[in-house]
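Novice: Prediction below, plus the sequence it came from.
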Amino acid sequence: MDLLRSLPLGLYLEQPQTWLHKLDPRVKFGWLMSFLTTYIFATTMWRVFLVVVLIFITLIAWIPRRVWRQQMVWLLMLCLFVLAVASISPDGLGVKYQPRLPTISTAELLKPADTKPTQSPNNQTSSPVNTAVAAEKTAQPTQKSNQTKTGKEYRYVLFHQGPIKITRRSFDLALRLSTIVFTVIYGTNLYLLTTAPEEITAGIESLMQPLRRLRIPVTEIALTLTLSLRFIPLVLEEVQNLGRSIVTRAINWKKLGWKGSVKVWMMVAERLLDNLLLRASQMAGAMMVRGFTSPNEHQVRWHNLRLKSRDWLALMVLGLFWGARIWVG
C-alpha cells in the first residue's frame, strides 16, 4: 500500500478529524463549485488569489504535513513547468512590434517636397537635412521629459533572447493555464481528502432532490457515485501490484528494445483491465448475494445532514467570497 500512502489522490483522511471534516458536505460542495465557477471570466489576480486561498485553507485546517506536502510539491512543480512552457510559446497574435516614440523627427514629417536650401544670417547654407537634425536635437529634451512624466516605457515583449521570447499575452495565458490546473486538481483533491464518499453522495443526493420531479434517477446516480469513489483505492492497489511484479522480474529494457517494451506494457495494461473487471464482478456478486435489487428498496442512510452554526458561518463567508468576486469583476 505504499502507492496509496505516497500519492493519496482521491482518498479520504479518516484521522485526524479537522474542522474541514466537520463541515456539512453540501457546504463544502458549494465552496468547491464556487472555486471552479468564479474562475470563469476572472482577472489574472483573482486566479492567483484562488491558489493562495487553497494553500491558506490547507495550512489553517491543520491537515498533517505528510498528507499534503508531497502532492502539493509535485503539483506546484507541474504548474511551474506549464507556466514556463506556455510563456515561451507563441502568443498567437500577428502583431508587428514598433517603438512607442517616432524614429524620425517632426520636422522631416512636415518637410515639403520642393524645399530649397536657405541661407542663414552668417552666409551659411542650411539644407533640409541640417534643419531636420537641428529640430531633432531640440525635440530630444521634450521627449525625455514626456517619458519621465509618464513613467516607464510600455513594452509588449517582456523578454527576448535568441529563440526565447516572452510577451505580455503569452505570460498572461501561461499564468491562467497554470493556475487553473492547480485550482481544479488541488481543490477537488482537498474536497475528497476531507469528505467521506458516503457524505459526498448523501450531500449530492440531497441537492438533487428537486430533479425527482423530472423523473431523473437521483438515487441510482448517488449509488453509482459511491461505488466509483470506493473503486479508486482498488485501482491504485492493482497498479501498485503490477508495478511490483515488473520490478521483481528485473526486466532488461535495453535488450527488449522499444518494440519489446511496448509489448510488455500492453500486456500489463491488459492484465490491469482484467483485474479491474474481476473486482467489479466480485463487488456486483457481493451486492446480489445480500439481496440488493434496487437503490430505492435498499437505501442506507449513513449520515443525517443538518446545518450547524459552523455551517452557517461558512455560508456567510461564501457570500462574502462571491461579493468580492462580483466587485473585482
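Specialist: The structure has been received and is ready for your questions.
Novice: According to the record, where do the domains of this structure fall?
Specialist: Per the record, the chain has its domains at 1-92+157-195+305-329, 219-298, by automatic domain parsing.
Novice: Gln70 and Leu229, how far apart?
Specialist: The gap separating Gln70 from Leu229 is 22 Å, by Cβ to Cβ, to the nearest Å. Every residue, glycine included, has its C-beta placed from N, CA and C.
Novice: oh, I was asking about Thr188
Specialist: Thr188 is 12 Å from Leu229, where distance means Cβ to Cβ.
Novice: show me the contacts for Ile246.
Specialist: For Ile246, the contacting residues are 264, 268, by Cβ atoms under 8 Å, 6 or more residues apart in numbering.
Novice: hmm, back to that, more neighbours, Gln70 and Leu229?
Specialist: Leu229 (19 against 14; other Cβ atoms under 10 Å).
Novice: Look at the residue lying closest to the more buried one once chain neighbours are set aside and say how many residues are nearby.
Specialist: Among residues not flanking Leu229 along the chain, Pro197 sits closest, at 3.8 Å (Cβ to Cβ, 6 or more residues apart in numbering). By other Cβ under 10 Å, 20 other residues sit near Pro197.
Novice: Next: Leu76.
Specialist: Residues lying near Leu76 (other Cβ under 10 Å) number 15.
Novice: Tell me where the stretch 201-329 of the chain is predicted with low confidence.
Specialist: Low-confidence segments of the stretch 201-329 of the chain, defined by pLDDT under 70: 293-303, 329.
Novice: Now do the helices in it.
Specialist: Taking DSSP state H, counting those that start in this stretch, the helices of the stretch 201-329 of the chain run over residues 218-248, 253-289, 309-328.
Novice: mind checking how far the longest one is from the chain centre?
Specialist: The one in question is helix 253-289. Distance of helix 253-289 from its chain centroid, counting by Cα atoms, centre = their mean, to the nearest Å, is 31 Å.
Novice: ok, now the first one?
Specialist: In terms of Cα atoms, centre = their mean, the centre of helix 218-248 is set 25 Å apart from its chain centre.
Novice: before we move on, back to that, next, the contact list for the residue nearest to Leu229, please.
Specialist: By Cβ under 8 Å, 6+ apart, the residues touching Pro197 are 12, 225-226, 229-230.
Novice: tell me the pLDDT at Val129?
Specialist: Val129 is assigned a predicted lDDT (pLDDT) of 46.
Novice: Not counting its neighbours along the chain, what's nearest Ile63?
Specialist: With sequence-adjacent residues excluded and distances taken as Cβ to Cβ, 6+ apart, Ile63 is closest to Thr18, at 6.0 Å.
Novice: what does Leu211 give?
Specialist: Nearest to Leu211 is Val218, by Cβ to Cβ, 6+ apart, at 5.7 Å.
Novice: Please name the residues that touch Leu225.
Specialist: Leu225 sits next to 197, 200-201, 204 when contact means Cβ under 8 Å, 6+ apart.
Novice: typo on my end, it should be Ala86
Specialist: 170, 173-174, 177-178.
Novice: for it, phi and psi?
Specialist: When read as degrees, to the nearest 10, the backbone of Ala86 gives phi -70, psi -30.
Novice: So it versus Lys28, what's the distance?
Specialist: Here the criterion is Cβ to Cβ. By it, Ala86 lies 31 Å from Lys28.
Novice: do the same with Ile88
Specialist: For Ile88, the distance to Lys28 - Cβ to Cβ - is 38 Å.
Novice: List the buried residues in stretch 317-329.
Specialist: By neighbour count with 16 or more other Cβ atoms under 10 Å, stretch 317-329 contains the buried residues Arg325.
Novice: Might you report the residue contacts of Phe35?
Specialist: Applying Cβ under 8 Å, 6+ apart, the residues near Phe35 are 50, 53-54, 183, 187.
Novice: got it, and Phe41?
Specialist: Contacts of Phe41 (Cβ under 8 Å, 6+ apart): none.
Novice: Lys165: helix or strand, and which one exactly?
Specialist: Lys165 belongs to strand 164-167 when elements are defined using DSSP states H and E.
Novice: pull the CA atoms of that strand into CSV?
Specialist: Below are the C-alpha coordinates for strand 164-167, written out as CSV (Å, rounded to 0.1, in the frame of the first residue of the first chain):
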residue,chain,number,x,y,z
ILE,A,164,13.2,32.5,-26.4
LYS,A,165,10.6,35.3,-26.4
ILE,A,166,8.1,36.1,-23.7
THR,A,167,5.3,38.6,-24.4
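Novice: pLDDT on that strand, on average?
Specialist: The model assigns strand 164-167 a mean pLDDT of 81.
Novice: residues of the very next helix or strand once past that strand that come out buried?
Specialist: Next in sequence after strand 164-167, counting helices and strands by DSSP H and E, comes helix 168-193. Buried residues in helix 168-193, counted by 16+ other Cβ under 10 Å: 170-171, 173-183, 186-187, 189-193.
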